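[1] here is a sequence with its predicted model. Questions after.
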Amino acid sequence: AQTVTQSQPEMSVQEAETVTLSCTYDTSESDYYLFWYKQPPSRQMILVIRQEAYKQQNATENRFSVNFQKAAKSFSLKISDSQLGDAAMYFCAYRSLPYNQGGKLIFGQGTELSVKP
Amino acid sequence: KAGVTQTPRYLIKTRGQQVTLSCSPISGHRSVSWYQQTPGQGLQFLFEYFSETQRNKGNFPGRFSGRQFSNSRSEMNVSTLELGDSALYLCASRAGYEQYFGPGTRLTVT
C-alpha cells in the first residue's frame, strides 16, 4: 500500500520570502502522479501543482515549483515570493497511474503554512 | 462551468441516526470520489463512483455507502451514526488526472 508523509505540521514564512514544504512517499509502483493541494480556511481544496513520475523535469506553476526526487521518493514544494494569500494547509497527494485508480488520492497529514507580513 | 456542489453544507445529527449527503459533479465529469477529513485521521478516501458503478473503496465500515445516478450526481449515506463520524466530507469530480473538489459538508454527530 502507498503512504504519504509530511513531516512538518507547521511552517512559517515572511511575506516575499521563499519556503519549501517537504513530502516523502512510499510505493512499489513505477508510474504514478503526485500533487500538492492547498486548503485555505474556506476548506475548498485547490490543486496547486502536479507531477507525473515518468517526467524527469520538475513541474512549475508560476511561483510554485517542485523538487521531485524519484529514487529518494521525495516531492517537495517551493513557494517563491510568498504572499499573504498563500497561507493555508498544504497537502501532498499520491495517485496511481491506471485510469481506474484515478479517483483515489492518498494524502499526507498536511502542513499548515502561515505567512507573516 | 459550475464547480462541484455539495449539499447540505452543514448538518447536525444524533448518534444512531442516518444521514445522506449529496454531491453534484462538474458537468461532463463521470467520476465522483468521496473523502472524509478529520483532525485525527486526516483526509481518507471513502469510495469512487464512475458511470453509476463503485470502482474503488477505502477502508471504511459497511455503514458508509454510496451511489451514483445516471446524471453523475452522487450520494453517500452513513447509517447508525457514531460520534467519530463527525467530519468534513469532501467530494471531488474528475476529468483526466485532476480532481476538482467541492466545498464539503460539515457533519456533526452529537
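    Great, that's in hand. Predicted model only: the values in this text are computed from it and were never measured.
[2] mind telling me which residue of chain B is nearest chain A?
    As assessed by Cβ to the nearest Cβ, chain A sits closest to residue B:48 within chain B, at 3.2 Å. Where C-beta positions appear, they are placed from N, C-alpha and C, glycine not excepted.
[3] check contacts around the residue nearest to the spatial centre of chain B.
    Central residue of chain B (Cα atoms, centre = their mean): residue B:34, 3.7 Å from the mean position. Taking Cβ atoms under 8 Å, 6 or more residues apart in numbering or on different chains, we find residue B:34 in contact with B:23, B:45-48, B:66, B:74, B:76, B:89-92.
[4] need those in TSV with secondary structure, neighbour count and distance to residue B:29, can you?
    TSV is the format used below for the contacts of residue B:34 (DSSP: H, G, I helix; E, B strand; the rest coil; neighbours: other Cβ atoms under 10 Å in any protein chain shown; distance: Cβ to Cβ, whole Å):
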residue	secondary structure	neighbour count	distance to residue B:29
B:23	strand	27	11
B:45	strand	20	17
B:46	strand	22	17
B:47	strand	23	16
B:48	strand	27	12
B:66	strand	22	16
B:74	strand	25	11
B:76	strand	23	17
B:89	strand	23	18
B:90	strand	25	15
B:91	strand	29	11
B:92	strand	24	9
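[5] burial count for residue 88?
    Since you didn't name a chain, this refers to chain A. Under the neighbour criterion other Cβ atoms under 10 Å in any protein chain shown, residue A:88 is assigned a count of 22.
[6] let's do chain B instead
    Counted with other Cβ under 10 Å, residue B:88 comes out at 17.
[7] ok, residue B:19 next?
    Residue B:19: 18 neighbours (other Cβ under 10 Å).
[8] surely it meets residue B:77?
    Yes - with contact defined as Cβ atoms under 8 Å, residue B:19 reaches residue B:77; the gap is 7.1 Å.
[9] near chain B, which residues of chain A?
    By Cβ under 8 Å from any Cβ of the partner chain, the part of chain A that sits against chain B consists of A:33, A:37, A:42-47, A:50, A:52, A:91, A:95, A:100-110.
[10] please indicate which of those are buried?
    Among those, those buried by neighbour count (16 or more other Cβ atoms under 10 Å in any protein chain shown) are A:33, A:37, A:43-45, A:47, A:50, A:91, A:95, A:102-110.
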